[in-house]
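Chemist: no sequence for this one, just the structure:
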């Protein structure tokens, strides 16, 4: 079903010297153009059991390429699906309410077995994943639970992914190398283009809702109402207004049930680094166009070429 190889590109080899995981290229034997870069651990631990897992019609899935507003979308979806239960949301961490399916197959020494936590939730289950379509459970496409997919422009995504790797995954290489690897589809979960395109192409299916991070930034009220309708809920404007305050950037960033502060502390301790919230937070800046201050002219042009290479109809917002 899959072919697993080690990427041989020089930039990938350079990346390997600056991070701890051993990354491999997982390709579909049926369609070799479909591939994904992930740690070898994922292949050994989670590849088959995720592919074969049981899916229920009342599951709620949030799926994204990393750093595209996943956490924001999760909290919005969980709140809407749980009748705006602020008491529970402010008491139980989002990762416990909305588990990250494959995290245990990617990160070492986690205190929680995330696959088991995901499948053993009381129904309806709320599940997060960054996996591309061809690595997701087969039953997703026959059982057809609700799936909310969020996309973001690749330039901001690449910058946010770089900071995430530097501060959480111990990447010690240069930003230039990371951006080049991103544009060559050689960073974890890449290729981004195909990840987004595959969901864009099925967005008209009734169980799929396709959102954009930039739309959520520009008009959160409007996007919340889309999700409310999709999840077949009914809230009055005052309730939506209150939810939008709860979901505002400052609120999310400072909410310890959402901002993953404790997880970051644990990661820093495991890697012998000092936790410094002024240097890095999981929910970092949340801006549209932040890449303009971080990409050089050459890197910006490289990313322009990457986006053009996709040859699809999405018009990203920059």
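Modeler: Arrived safely, thanks for sending. Just so it is clear, the model here is predicted, and its values are computed rather than measured.

Chemist: Enumerate the positions of stretch 190-199 that are buried.
Modeler: Across stretch 190-199, burial judged by 16 or more other Cβ atoms under 10 Å covers 190-197, 199. In this view, the C-beta of every residue, glycine as well, is placed from N, C-alpha and C.

Chemist: Go ahead and confirm residue 182 touches residue 161.
Modeler: Yes - here residue 182 lies in contact with residue 161, judged by Cβ atoms under 8 Å, at a distance of 6.8 Å.

Chemist: Residue 156: which of the buried residues of stretch 190-199 is nearest?
Modeler: Ranking those by separation from residue 156, with Cβ to Cβ as the measure, puts residue 192 on top at 11.5 Å.

Chemist: Which residue, neighbours along the chain excluded, lies closest to that closest one?
Modeler: Leaving aside its chain neighbours, residue 192 sits nearest to residue 65 (5.0 Å; criterion: Cβ to Cβ, 6 or more residues apart in numbering).

Chemist: What about the one you found, how many residues nearby?
Modeler: Taking other Cβ atoms under 10 Å as the criterion, the count of residues near residue 65 is 25.

Chemist: ditto for residue 232
Modeler: Other residues near residue 232 come to 9 when the count uses other Cβ under 10 Å.

Chemist: Low-confidence stretches in the stretch 201-318 of the chain?
Modeler: Counting by pLDDT under 70, the stretch 201-318 of the chain contains low-confidence ranges at 259-286, 311-313, 318.

Chemist: That one: strands as residue ranges?
Modeler: Secondary structure of the stretch 201-318 of the chain (DSSP state E, counting those that start in this stretch): strands at 208-212.

Chemist: before we move on, the earlier item: got the contact list for the residue nearest to residue 192?
Modeler: With contacts taken as Cβ atoms under 8 Å, 6 or more residues apart in numbering, residue 65 has the following neighbours: 130, 151-152, 157, 189, 192, 195-196.

Chemist: Residue 152 too?
Modeler: By Cβ under 8 Å, 6+ apart, the contact set of residue 152 is 64-65, 67-69, 212-214, 316.

Chemist: Kindly provide the distance from it to residue 180.
Modeler: Between residue 152 and residue 180 the distance is 20 Å, computed by Cβ to Cβ, to the nearest Å.

Chemist: ok so, going back, now, among the contacts of residue 152, which is nearest to residue 174?
Modeler: Distance from residue 174 was checked for each of these by Cβ to Cβ. The minimum falls on residue 67, at 18.6 Å.

Chemist: confidence score at the closest residue to that closest one other than its chain neighbours?
Modeler: Computed as Cβ to Cβ, 6+ apart, the closest residue to residue 67 that is not its neighbour in sequence is residue 160, at 3.9 Å. The pLDDT attached to residue 160 in the predicted structure is 91.

Chemist: try residue 168
Modeler: The confidence metric pLDDT takes the value 73 at residue 168.

Chemist: What about it, how many residues nearby?
Modeler: Applying other Cβ under 10 Å, I find that residue 168 has 17 neighbouring residues.

Chemist: Show the backbone phi and psi for it.
Modeler: The phi and psi values for residue 168, taken as degrees, to the nearest 10, are phi -110, psi -30.

Chemist: gap between it and residue 103?
Modeler: 12 Å.

Chemist: Contact partners for the residue nearest the centre of the chain?
Modeler: The centroid of the chain falls nearest to residue 66 when counting by Cα atoms, centre = their mean (3.1 Å). Residues in contact with residue 66 (Cβ under 8 Å, 6+ apart) are 130, 157, 161, 164, 188-189.

Chemist: What is the three-state secondary structure of residue 38?
Modeler: Each residue gets one of three states, and residue 38 gets strand by DSSP: H, G, I helix; E, B strand; the rest coil.

Chemist: Could you shift the numbering so residue one becomes 36, and keep it that way?
Modeler: From this message on, residue numbering opens at 36, which makes the last subject residue 73.

Chemist: ok, it to residue 207 distance?
Modeler: If you go by Cβ to Cβ, the gap between residue 73 and residue 207 works out to 20 Å.

Chemist: quick one: which of the two has more around it?
Modeler: Shown here are residue 73 and residue 207; by other Cβ under 10 Å, residue 73 has more neighbours (26 against 10).

Chemist: doesn't residue 221 make contact with that one?
Modeler: No - in terms of Cβ under 8 Å, residue 73 does not count as a neighbour of residue 221; the distance is 11.7 Å.
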